[in-house]
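Colleague: The sequence and its predicted three-dimensional model are supplied below.
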Amino acid sequence: MENLSEINNLFKEIWTSTKAYNVENTDGTIYKLNNPVTYIPPQIKEIKSYENGPIIIISAPGAVGKTTLAKHMSHVKKGYYWDLSKHTLGDNSFIGTLAQTFGYSNLPKVLESLKKSEITLFIDAFDEAYIRSGLDGIRSFIQDIYSVIDKSTRPNVVLFSRSETAEFLQLELMDLPNSEKKYCVYEIDYFNQSGANQFIKYWLRNKGDETYDTHSATFNVALNAIFTSISAGMNVGFDMWNTEDTRSFIGYAPVLETIGSYLLKSDYNKIYNEFQDAKTMEKGIEVISSFINQLLIREQGKVINPLISSNKDKHEDWNIIENLFDPIEQIKIVQKYVLNHGKIEINVENLPIWLQDEYVQAINNFLPDHPFLKGKLYSSPAFRDYSLSILISDPATEDISKKLLDQGNFAITPLFIFFYQIRNENHVKGSHIGYLYDSAISRIGAEESMIMTFIKERSNSNNIYDIEILNPDSHSSNNFHFECLLDKDNPLVFNNRLSNANIEAKCDIFLGSTRGGIELNDVEIYVDGINFLGNNCLFNCFNEDSSIILRANNETEPPSFKVEKKGHGATMVYWPGSEMYPWSQFHSKDLEESQNDETGEKFYALKRILSPFRKHRKKGFAKQAEFIDNEIVGSSELRKRVLAHLKTKGIIRLQSATNKYIIDEQDMAKIGISWVDMTKSSYTSIVKTFLNEI
């Protein structure tokens, strides 16, 4: 867990005001809070450490509660809360506003008190001020502040902003003379478990529901069931509150509000029973998807309701507003915002002229505070991978999702493949397979990966392939079955690496990306053609793993292309021209195309059943019978017959105590079948005899 601390530790560093001045201008820009603010203490993350300087910057993603924290601090420290949301900043705006607030006659005393840290200012809403004033206005304002308090060694000016604007504030302070030790930076983190529980209770109380107090036991059980379901969807188990990816979702105020709305005036026992059955990853994903969609609908209302109110009586066609900024449109706008490093793109071509400017302004004001965003990035992997799965499935937005994925500046999570599976009802596009594969193995190291991938054309089908990404060490909800059309216009694509895979496809496959090469480990690839998109291919052959590539066409790699092998396993390649550099060291004349007769189908079924045992011999050849029966054999009558024959011959036997299948190598040897036979593309005469007995 990253280095987090309680906000109260920072409270101790901030100076408490010892002087007070009457506010003469009561426009609400600067004022004291006489009453306490309901406040739930968050955790904070130190970005730049405190070194006796007068300025503290506190940043956070949108909708985390910066204003609440600013007002709470202002009240506790007896300081002044300063709201910049309606300010246009510029030259002398800092000192000028102080003069207007406290009176020109009192200005010298106020400035002197600031220099001596006798009064403390809590300045909020820099983001709104930045929108109104631009960077030049922010720069002038910061310079004015620093010119007054540069000699102070006590923190008595606290600045609040979103993460992105906080970067501007830091840059401006860095450019000032001798400012290095004059400021520190903290970031409000997401709520921990205690804070999340308090937040939801506070939210419910504000909605007039305090049932959680009279039925605390059932409330806690119901709430915990929701959190457990979400953590199951994120595949993190009971460590959910100590994992940043998970906490950034379940500890995020907008998500907690959505959970609160689910609990509002509800039957806690009914909620518990509903979520009690949602503790698998698959069910957890459904819960996460539902909450994200509810959140997007809530955010839509924040934008369109003011537009409806201001235009309902002005225009006959105001009803068009009701469909604006729907969940899909929000996802598109947010993803373009991230992809374009904070540039907002809005398509208003289909909107009436009277609405266009107002809608654009509404989005410009709202978007930086969208719960999906933290500065110019996604606030949570859950929001990011949900968005990617939605937009990559739409031909109109597929390219922007691929562009974001291909940038490679984040690690895709297992959420993506689940979201994609639900969205596309187990259908997949060939060019998306690599992203799904990367998602499936994202929580497993490459070398120790247990993920197995099988791709083969259906019998008597027209380029329809079954694509399976399976994890023999996990429950069935972590195994994925897709149907895919593969042809010249829709080839297979794997982007970074591929392990434990058997691919038999009468189409092209693309390996690697323009950013880098491809790493292959224990793969069997029989395809019409391979196109290497990167500049290298690495065969990772540790643990005596082997790799085979057979292709029909004669693609020529560029002269700079490099092929490397690590480990002692075998690597064999064959196609016309594979005897030439850079493939010559791996060229195998004995490698032939697999046979497509009935015996060839049996051979594939045999390899399919034995491959989990062959690829993980260090684990004693034992595999869960449930995985072999349900995932490897499945409903295939041919594989059922092959498995039955293996049992009859004593090669596979069921260990009833553990419900595992055990391979007997000695019985395999007696028949004349070896593990080497299972790495070949065609069957030997001994294997053929064995198969013909089926």
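Modeller: Arrived safely, thanks for sending.

Colleague: what bits of the stretch 201-350 of the chain have low per-residue confidence?
Modeller: Within the stretch 201-350 of the chain, the stretches with pLDDT under 70 are 237-238, 278-279.

Colleague: could you redo the last one with a cut-off of 80?
Modeller: 235-239, 277-283 (pLDDT under 80).

Colleague: can you give me the helices for it?
Modeller: Taking DSSP state H, counting those that start in this stretch, the helices of the stretch 201-350 of the chain run over residues 211-214, 216-233, 244-250, 253-263, 268-276, 281-311, 327-339.

Colleague: Next up, the contacts around the residue nearest to residue 272 when sequence neighbours are not counted.
Modeller: Leaving aside its sequence neighbours, residue 272 sits nearest to residue 222 (CB to CB, 6 or more residues apart in numbering; 4.5 Å). Quick note: C-beta positions are derived from backbone N, CA and C, even for glycine. By CB atoms under 8 Å, 6 or more residues apart in numbering, the contact list for residue 222 reads 263, 268-269, 271-272, 275.

Colleague: One more: residue 588?
Modeller: By CB under 8 Å, 6+ apart, the residues touching residue 588 are 572-574.

Colleague: Give me the subset of those lying in strands.
Modeller: Those of the contacts of residue 588 mapping onto strands are 572-574, per DSSP state E.

Colleague: Please, which helix or strand holds the nearest residue to residue 292 once chain neighbours are set aside?
Modeller: Closest residue to residue 292 apart from its sequence neighbours, by CB to CB, 6+ apart: residue 386 at 5.3 Å. Assigned by DSSP states H and E, residue 386 falls within helix 381-392.

Colleague: and which of the ones in strands among the contacts of residue 588 is nearest to residue 33?
Modeller: Set against residue 33, the nearest of the ones in strands among the contacts of residue 588 by CB to CB is residue 573 (73.1 Å).

Colleague: List the backbone torsions phi and psi for the closest residue to residue 154 other than its chain neighbours.
Modeller: Nearest residue to residue 154 in three dimensions, chain neighbours excluded: residue 117, at 3.9 Å (CB to CB, 6+ apart). Dihedral pair for residue 117: phi 60, psi 30, per degrees, to the nearest 10.

Colleague: What's the local residue count around residue 117?
Modeller: 20 (other CB atoms under 10 Å).

Colleague: contacting residues for it?
Modeller: So residue 117 contacts 15, 54, 149, 152, 154, 156 (CB under 8 Å, 6+ apart).

Colleague: any idea how far the fifth one is from residue 330?
Modeller: Put plainly, it is residue 154. Taking CB to CB, to the nearest Å as the measure, residue 154 falls 44 Å from residue 330.

Colleague: same check, this time on residue 348
Modeller: For residue 348, the distance to residue 330 - CB to CB - is 15 Å.

Colleague: Would you mind telling me which of those two has more residues around it?
Modeller: Neighbour totals were compared for residue 348 and residue 330, and residue 330 leads with 22 against 14 (other CB under 10 Å).

Colleague: you'd agree that one is up against residue 300?
Modeller: Yes - using CB atoms under 8 Å, residue 330 is in contact with residue 300, at 6.8 Å.

Colleague: hmm, back to that, and the gap between the residue nearest to residue 272 and residue 289?
Modeller: Using CB to CB, residue 222 is found at 20 Å from residue 289.

Colleague: ok, now residue 612?
Modeller: Counting by CB to CB, the gap from residue 612 to residue 289 is 31 Å.

Colleague: Neighbour count for those two, which is higher?
Modeller: A direct count of neighbours by other CB under 10 Å for residue 612 and residue 289 places residue 612 higher, at 24 against 20.

Colleague: Sounds good, over and out.
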